[in-house]
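Participant: I'll drop the sequence and a predicted model, then ask my questions.
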Amino acid sequence: MAIERILIVEDNVALEGRPLARKVEQAGYEVVGIAETGKDAVEMALRERPSVVLMDIELVDAEGKKDRLAGLRAAREIRSATGAQVIFITGILAERDVLSEAQRSPDYEFLIKPVKGPQLLASIRLAIARTKR
C-alpha cells in the first residue's frame, strides 16, 4: 500500500511547521515539504502531488508581510489543479473577513490552533478517504 503524501503550508516553520510534520510522520504519512508562502505552496503541490494539504490561512508573502487570506487563495488554486484535500489549521478563522472568505470554500475542513494529535490524524484520515471516493 502506498504511503499517503502530505504537504504542510505554515510560515512559522520552526514553532509550528516542523512539530506538525513530526506528528504526521509519526503516524506513518510522508511529508513532501513545508511551504512558507502561498506561491511556494502552489508550486510545491504541483510538483509533489500530495493527497492532503495542511494549510495555514494567514501566511507571509514574498516580501515577508502578513497576508491574511493567502492560504485560502492558495488552497483554491491547489485544489483546482491537483484535487488534493485541504485541511486549514488556523488561529484566525473567527475573524469576520476571514470567515466570510472561508465560507466561499465549502469543501474544506477547518481546525483551530493548537490542534491536538488525535484530532489532526482523524481529519487526515477523513481527507484521504474523500480522495479515494
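Facilitator: Thanks, I have the structure now. Quick caveat: nothing in here was measured; it's all calculated off a predicted structure.
Participant: use CA for all of it now, contacts and neighbours both
Facilitator: Noted.
Participant: got any ranges where this protein has weak pLDDT?
Facilitator: Residue ranges of the chain with pLDDT under 70: 1-2, 92-95, 99, 103, 105-106.
Participant: go again using 80 as the cut-off
Facilitator: Using pLDDT under 80 as the threshold, the predicted model of the chain has low-confidence ranges 1-2, 61-63, 91-108, 133.
Participant: Scan it for its longest helix.
Facilitator: Scanning the chain for the longest helix, with DSSP state H as the assignment, gives helix 117-132.
Participant: Keeping just the C-alphas, turn that helix into CSV.
Facilitator: Only the C-alpha atoms of helix 117-132 are listed here, as CSV (Å, rounded to 0.1, in the frame of the first residue of the first chain):
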residue,chain,number,x,y,z
GLY,A,117,-2.7,15.0,17.6
PRO,A,118,-5.8,12.7,17.6
GLN,A,119,-8.0,15.5,16.0
LEU,A,120,-5.4,16.2,13.4
LEU,A,121,-5.0,12.5,12.5
ALA,A,122,-8.7,11.9,12.3
SER,A,123,-9.0,14.8,9.9
ILE,A,124,-6.2,13.5,7.8
ARG,A,125,-7.8,10.0,7.6
LEU,A,126,-11.2,11.6,6.6
ALA,A,127,-9.5,13.7,3.9
ILE,A,128,-7.7,10.7,2.5
ALA,A,129,-11.0,8.8,2.4
ARG,A,130,-12.5,11.6,0.4
THR,A,131,-9.7,11.4,-2.1
LYS,A,132,-10.4,7.8,-2.7
